[in-house]
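**Student:** here is a sequence together with a model predicted from it:
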Amino acid sequence: GAGVSQSPSNKVTEKGKDVELRCDPISGHTALYWYRQSLGQGLEFLIYFQGNSAPDKSGLPSDRFSAERTGGSVSTLTIQRTQQEDSAVYLCASSLAWNTGELFFGEGSRLTVL
Amino acid sequence: AQSVSQHNHHVILSEAASLELGCNYSYGGTVNLFWYVQYPGQHLQLLLKYFSGDPLVKGIKGFEAEFIKSKFSFNLRKPSVQWSDTAEYFCAVNEHGSSNTGKLIFGQGTTLQVKP
């Protein structure tokens, strides 16, 4: 596609349920990032994939969060046993190469945990 | 740990006023520096970037930023703002030439409101 595609755009879930958020990066982009955007908190780095290298998971806030990237393309961010503090907009971005710094962002997935 | 601070959380200006948004980072090594912008209802997009060379960087829509290494700063400026500059602005940093280069760290963001 022309841009980074994320789904769902909106997700409302109950506390304790698991959620999966999907990101389809720009074709040919080798780097893929997940960030979390909360009101007043800016963009919080979660995880970063570069090609076939082991991902940088240093930003994942707890072991309830995990992400995978299949075939070097589509990525899924999974949040298990959701908590209210997980409510945020989850942004995915991709980049042509790991060292350009030019990230192309999707529209985000807004997660609300009741 | 590397961090980025944006001191102005919410700025309100009238059209034609000059703009300067502050950004400071904590990392002591060589860095790459960026400003991203998010217009209402749109994606985050790159405004300008600094990797090396002339510390005064020019970006799109008349924006510029100056890297001052001794102050660990990368402030964003525009001589005369327009109503269409209303947006949220994010400063970002990554480490140059290390295994962490791919990891872009963002500041908290500054909301700019320009009154017509």
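**Tutor:** Happy to help now that I have it.
**Student:** which parts of chain B sit against chain A?
**Tutor:** B:6, B:9, B:32, B:34, B:36, B:43-46, B:49, B:51, B:90, B:92, B:94, B:100-109 (C-beta under 8 Å from any C-beta of the partner chain). In short, each C-beta sits where N, CA and C put it, glycine included.
**Student:** just the element for the spatially most central residue of chain A, please.
**Tutor:** Nearest residue to the geometric centre of chain A (C-alpha atoms, centre = their mean): A:Trp34, 3.2 Å. According to DSSP states H and E, A:Trp34 maps onto strand A:31-38.
**Student:** give me the sheet partners of that strand and which way each runs.
**Tutor:** strand A:42-50 (antiparallel), strand A:88-95 (antiparallel) (DSSP bridges).
**Student:** in TSV: those strands, plus mean neighbour count and mean pLDDT.
**Tutor:** As requested, these are exported to TSV (neighbours: other C-beta atoms under 10 Å in any protein chain shown; pLDDT from 0 to 100):
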stretch	mean neighbour count	mean pLDDT
strand A:42-50	22	91
strand A:88-95	23	96
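**Student:** just tell me which of those strands ends up closest to A:Lys57.
**Tutor:** Distance to A:Lys57, taken as C-beta to C-beta, is lowest for strand A:42-50 among the strands paired with strand A:31-38, at 5.2 Å.
**Student:** which outside residues touch that closest one?
**Tutor:** Strand A:42-50 is contacted from outside by A:30-38, A:55-61, A:65, A:67, A:69, A:75, A:77, A:90-91, A:98, B:6, B:44, B:90, B:92, B:102-109, using C-beta atoms under 8 Å, 6 or more residues apart in numbering or on different chains.
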